[in-house]
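*Asks:* what follows is a predicted structure for the sequence shown.
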Amino acid sequence: MTPPAGVGLYVHFPWCVRKCPYCDFNSHPLKEPLAEAAYRSALLDDLAREFERFGKRRVETVYFGGGTPSLFSGETFGQLLERVPEAAEVTLEANPGTVERGDFADYRRAGVNRVSLGAQSFDPAQLKVLGRIHAVDDIARAVLEAQHAGIDNVNVDLMYGLPEQTVQQALDDLDHAIRLEPAHISWYQLTIEPKTEFARRPPAGLPDVDHAVEIEDAGLELLARHGYERYEVSAFAREGHLCHHNLNYWRFGDYIGIGAGAHGKLTTTDGRTLRIAKPSQPRRYLGGADASLSTVTAEELPGEFMMNVLRLADGVEPELFLARTGIDLDVIGKTLDELADWGLLRRDRLALTTPGYRQLNGVVARFL
């Protein structure tokens, strides 16, 4: 098994102005002034250590995620990007509200060339339910400011299946986003995750399965009609604007993770697959706590691989299984044959059919 030449770099920023009730990411409400200089220094040290671990392989994409990375200045992103000048795609997650972001022109000068905006909805009542602190008008303003700053690769994040949401209301959200002409739209169903505020106090009026499917079918038709191709479960792009950083995850590539709570994946030269996890508490991370390392076993590898690649609408070539895992495809051959016989899996690729896509979680469970 030969490690892929290029890697992605994920940088986690763990603070938010306020924690959203549906969010299960590693994010912490900002209760004191942002420790930007200290955190930037810790990230640079972390990156240097990961370069030693990864052998300074070429970094092809960078993703600044959170939390709310846009609480930080362009100086922080610029200093990090000086260490990875070869990265062709550099994404910054940002929230639309002005109190949650800096100047997009500063971010562009630092090297950011893709922005992912957490809009979630264009309905003021739904924004309130979701705990968002931006207004509807902030979304269009943020898209335009990013585009005017020279960042024309903009993604808009939207949710559907919101409390009491009708099919038409979900389509109205999508229509608002489409009219802003983003290059990419992420559209995914609200799910209630453990240990979130919504898990403790679920909102009333969440859709049943049939209603959620009705919304999804109508939304898929609308997105396709406007030139947004579904290439992953919840990712839709116009031509030439797929998110290459996320494609690396879904193709089971390697990636560096730095920052509090960040995770990385490394294929070693001796054929092992390592998972690297940074301490999630910002205080421990800033205090220099060590990362934890674990080896993915041969029994776990097929499931981890399939869990990622089956998210892709067109799947992957069968040869990638051996290249990424070092294991012959025959080890899951019986399961592949069964799924193909049931009409859930294509025989020419490791890819799901339309009925299989509807049952993604159940199909993946057969490999775990």
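*Replies:* Happy to help now that I have it.
*Asks:* and the gap between the residue positioned nearest the centre of the chain and Ala235?
*Replies:* By C-alpha atoms, centre = their mean, the chain has its centre lying nearest to Asn246, at 6.3 Å. As defined by C-beta to C-beta, to the nearest Å, Asn246 lies at a distance of 7 Å from Ala235. Where you see a C-beta, it was placed from the backbone N, CA and C, and this is true even at glycine.
*Asks:* which residues are in contact with the residue nearest to the centre of the chain?
*Replies:* Tyr63, Glu232, Ala235 (C-beta atoms under 8 Å, 6 or more residues apart in numbering).
*Asks:* could you report the neighbour count for the second one?
*Replies:* Think Glu232. Neighbour count of Glu232, defined by other C-beta atoms under 10 Å: 18.
*Asks:* for Pro202, same thing?
*Replies:* Neighbour tally, Pro202, other C-beta under 10 Å: 13.
*Asks:* what's the closest non-adjacent residue to it?
*Replies:* Once flanking residues are discounted, Pro202 sits nearest to Ile192: 5.8 Å by C-beta to C-beta, 6 or more residues apart in numbering.
*Asks:* I'd say that neighbour and Arg200 touch.
*Replies:* No. Contact criterion C-beta atoms under 8 Å: Ile192 and Arg200 do not qualify, at 9.9 Å.
*Asks:* of these two, who's got more company?
*Replies:* Comparing Ile192 with Arg200 by other C-beta under 10 Å, the one with more neighbours is Ile192, at 15 against 10.
*Asks:* which residues touch that one?
*Replies:* Tyr22, Phe198, Ala199, Pro202, Leu206.
*Asks:* OK, contacts around the second one?
*Replies:* By C-beta under 8 Å, 6+ apart, the residues touching Phe198 are Pro21, Tyr22, Ile192.
*Asks:* host element of it?
*Replies:* Under the criterion of DSSP states H and E, Phe198 resides in helix 197-200.
*Asks:* likewise Leu220?
*Replies:* helix 209-225.
*Asks:* for the following helix or strand past that helix, buried residues please.
*Replies:* Of the helices and strands lying after helix 209-225 in sequence (DSSP H and E), the nearest is strand 229-232. Judged by neighbour count using 16 or more other C-beta atoms under 10 Å, the buried positions of strand 229-232 are Arg230, Tyr231, Glu232.
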